[in-house]
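S.K.: I'll drop the sequence and a predicted model, then ask my questions.
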Amino acid sequence: MEMLWFWLVSVMVAIYSVMDGFDFGAGILHLFVAKTNEERRQVLGAIGPLWDGNEVWLLAGGGAMFLAFPRTLAAGFSGFYLAMFMVVWTLIIRGISIEYRSHVQDELWRAFWDRGFAFASILMPILLGAALANVIRGVPLDKSGYFNIPLFTDFGTGNPVGILDWFTVLIGVFVLVTIAAHGALFLAWKTDGPVHDRSRALAKPLWAGVVGLWVAATIATRTVSPEIYDHFAGSFLAWLFFVVYVAGLATVFYGILKERFLLAFLGSGAFIIGILATTAACVWPVMLKSTLNPGWSLTAQNASVGSHGLATGLVWWIIGFPIAVGYVALLFKIHRGKVKAAAEGEGY
Amino acid sequence: MGDPLFWHRLQFGFTAAFHYLYPQLTMGLALLIVVFKTLGKSPGNERYQDLARFWIRVFGINFATGVVTGIPMEFQFGTNWARFSHFSGGVIGQTLGMEGMFAFFLESSFLGLLIWSEKKIGPKLHYLAAWALFIGSWLSGYFIVATDAFMQHPIGYTIATSAENIRTLQVESFWSFLLNPWALAQYFHNMMGAAVTGSFFVTAVGAYWALKGIHTEHARATLRVGVIAGLLTSLIVAFPSGDHQGKMVAKYQPVSLAAMEGRFQSGTYAELNFIGQPNVAEQKLDNPIKMPGALSFIAYGSFSSNVKGLNEFPQDQWPTNIELLYYSFHIMVGLGTIFIGIMGLSVLLLWKERLEHTRPLLWVLMLAFPFPFIANTAGWMVAELGRQPWLIYGLMRTSEGSSEMVHAGQTIFTSLGFAGLYVVLWFLSAFLILREISHGPAKEATTNHTN
């Protein structure tokens, strides 16, 4: 049961990364791929009806963690205190930048929100990447099961560590470029005209960057947290997801070459889900690694809420999950096809 | 002031109170949008469709602000209240998880369709979208109230002790936790409070148009719906829902009731104090204006019942801020009474077909809209201050729930950050909503004709 919930939480985080990932990707790129007001509104039209639902995956994933592993949530959120608030504030800025922008027809008003949207979209993947890297590197969890670290110390990976060090920043940049590349494929798929052309042109160099950073991130992880690869060799699931993400990466390049951007976008989604799931399979059952004493790490077993609570949650989760997926399918069906900028006052 | 607990409490209280300015209007408007759209289905009632479109635009701005200010709350459980989250996640994680799964996905999926896609999806699906937002936002309200109800009156749980001797709560009976009688009472009362906010807000705009003599037809329709809804919800929020909530407090939190009423000594024929200033040091109420026996009747249904005073409880069980609790309660009740008066008079004049021409009352209606926000905020302050010194009633004290590892420097930093960010957010959302109101309903109607 603990293992099942470990994977349910991981799946929801992975879905969040893919779904909100293309929103952030569009936000990272929109200042470059969309130059005029009309083009910016085309980008916003593509993600506008979807972003709020995509963000719910983060809340639902957090809710699943709260329900199943409250101890991990309590330790992680209070331990990464300042970074968590940066995430929260970034989400606030992103949300209102999309929602407030087109209500007022004024150049300066819109320029301000366009930059707010870009700023938040760039910062968020770096923070999420750094968070993931902190989980891989480990944190100074003490005997009480809690820790608290500053945003940064000396940027080294040894104690006293900060949330940002050379390793976590590297992973943050890897995630940033990956999310930007993911967004480029989404925009190439969902738009036409100049926005499509520019996104398509950016896709290739961005994905080349992803490959380069992927190699760098793999080597860095090997240095910082070598035991991950020991688990990898013996884990069937890790190999399975490794195949998923390599196949996803291959699909991305095939799709770009053949100009089939939906296919490439799906490949990109498989890459993101696969790499996160491989990581989850490698760290299992550890959810938060202690750098002070391996016995103080929080695992799916010692942080679990107990089998009755997990079984209770599973009942409604099984009902709720297909409904949520159904909404997403309905939205994609209603908003299928290439997106045009809405008339003034009638859309994002 | 360097006490981290003080700042954790201040931050959560401030961010929650600020956040709730938006959802209460969201939930109130969601109901009225369904009403407008339903009325607009009859032929010859197109002005109600115009009004639905107009309010949907206001709703969109308000909803977005509610979403972005709601996210911090979810995070703060873990960041600022780690020991509480660890202790109680086995129970309240269920409702918080269900809120995301069953309410947030529903709301967020249909929001864009409701606001921007009427032409694209057609009237039927658009009507469905209005219902989806109503159901989603009211469901969301239930999960949050059920979570709070567990903190007020915990039931349906067991206490488990781990191998490392850590005590945590686990859900034992899911249904008794989810259908906590406290939750049902509090939900009914809370949702009616939100509907009062929505009704007064809508009415204020109708009164503004009527006073300016613009959008005459729309003003008449708005006022009609607004004051009828306003009277019904103002009445229900007091009786039966407020009355029922009060009896719950009397039964399960008698010490809170004593503090809410500034009642320091026990006694029969307990008086209801309309006004007065609690003097905690001398344990008495200064300058009371009171009605003998009324509190006994309200709490226990008989004028002669004994209502316990604070003197019957050990001081370490007393709410920690008796004065603020007392004033919050009296502001809520006082405003609620005034709402019934204003809306009762308005409905009377509506019935006599004189409401549109009674300018002094229109002025009152136009300017009254902030007060339900105050009453709702005060109501939540009663609930949360009344729960003190407990975080989970009888199970965990507030001082035991915060994040021990987080020092005051961190939480003051983030509290100041929220203060700055929310001041900006408030101005921006108020600016955008006022702008929509000044455009009026006609714009949508014309756009619709040309398309």
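M.R.: Now that the structure is in, tell me what you want to look at. Residues are numbered from 1 along each chain as shown, chains lettered A, B, ... in the order given.
S.K.: Going by C-alpha atoms from here, please, whenever you check contacts or count neighbours.
M.R.: Will do.
S.K.: What pLDDT is listed against B:Ser302?
M.R.: Looking at B:Ser302, its pLDDT stands at 89.
S.K.: Sorry, wrong one. I was asking about B:Leu96.
M.R.: 95.
S.K.: same deal with the one 4 residues further on?
M.R.: Among the per-residue scores, B:Gly100 holds a pLDDT of 94.
S.K.: was I right about A:Val173 contacting A:Leu127?
M.R.: No. The pair A:Val173 / A:Leu127 is not scored as a contact, 9.4 Å apart, by Cα atoms under 8 Å.
S.K.: between those two, who's got more neighbours?
M.R.: Neighbour count, other Cα atoms under 10 Å in any protein chain shown: between A:Val173 and A:Leu127, A:Leu127 has more, with 25 against 22.
S.K.: With adjacent residues omitted, what lies nearest to the more buried one?
M.R.: Closest residue to A:Leu127 apart from its sequence neighbours, by Cα to Cα, 6 or more residues apart in numbering or on different chains: A:Gly172 at 6.4 Å.
S.K.: and the helix or strand hosting that neighbour, how far from the chain's centre?
M.R.: Using DSSP states H and E, A:Gly172 sits within helix A:166-190. Helix A:166-190 sits 9 Å away from the centroid of its parent chain (Cα atoms, centre = their mean, to the nearest Å).
S.K.: For B:Lys119, give me the pLDDT.
M.R.: Taking B:Lys119 on its own, its pLDDT is 87.
S.K.: do A:Ala341 as well
M.R.: Here, the pLDDT recorded for A:Ala341 equals 85.
S.K.: For chain A, give me its nearest residue in the stretch 151-300 of chain B.
M.R.: B:Val171 (5.8 Å; Cα to the nearest Cα).
S.K.: residue contacts, the closest residue to B:Ile71 other than its chain neighbours?
M.R.: Setting aside the residues directly before and after it, B:Ile71 is nearest to A:Val88 in space (Cα to Cα, 6+ apart), at 6.8 Å. By Cα atoms under 8 Å, 6 or more residues apart in numbering or on different chains, A:Val88 lies in contact with B:71-72, B:75.
S.K.: Give the burial count for the residue nearest to A:Leu127, as a bare number.
M.R.: There are 25 residues near A:Gly172, going by other Cα under 10 Å.
S.K.: Just the buried residues of the strand or helix carrying A:Leu50, please?
M.R.: Using DSSP H and E, A:Leu50 sits in helix A:37-68. Within helix A:37-68, the residues that qualify as buried are A:39-68, counting by 16 or more other Cα atoms under 10 Å in any protein chain shown.
S.K.: what do you get for stretch B:424-433?
M.R.: For stretch B:424-433, burial by neighbour count (16+ other Cα under 10 Å) applies to B:425, B:428-429, B:432-433.
S.K.: quick one: that stretch near chain A?
M.R.: Yes. Contact of stretch B:424-433 with chain A (Cα under 8 Å from any Cα of the partner chain) involves B:Leu432.
S.K.: In three-state terms, label B:Asp286 for me.
M.R.: Following DSSP: H, G, I helix; E, B strand; the rest coil, B:Asp286 is assigned to strand.
S.K.: Please report how far the residue in the stretch 101-250 of chain A positioned nearest to chain B lies from A:Gly62.
M.R.: Nearest residue of the stretch 101-250 of chain A to chain B: A:Asn148, at 5.8 Å (Cα to the nearest Cα). Distance of A:Asn148 to A:Gly62, computed by Cα to Cα, to the nearest Å: 20 Å.
S.K.: By mean pLDDT, point me to the weakest helix or strand of the chain.
M.R.: Looking at chain A here, since you left the chain open. Within chain A, no helix or strand scores below helix A:227-234, which has a mean of 85 by mean pLDDT, DSSP states H and E.
S.K.: that answer is for a different chain, and I need it for chain B
M.R.: Sorting the helices and strands of chain B by mean pLDDT, DSSP H and E puts helix B:442-450 at the bottom, at a mean of 45.
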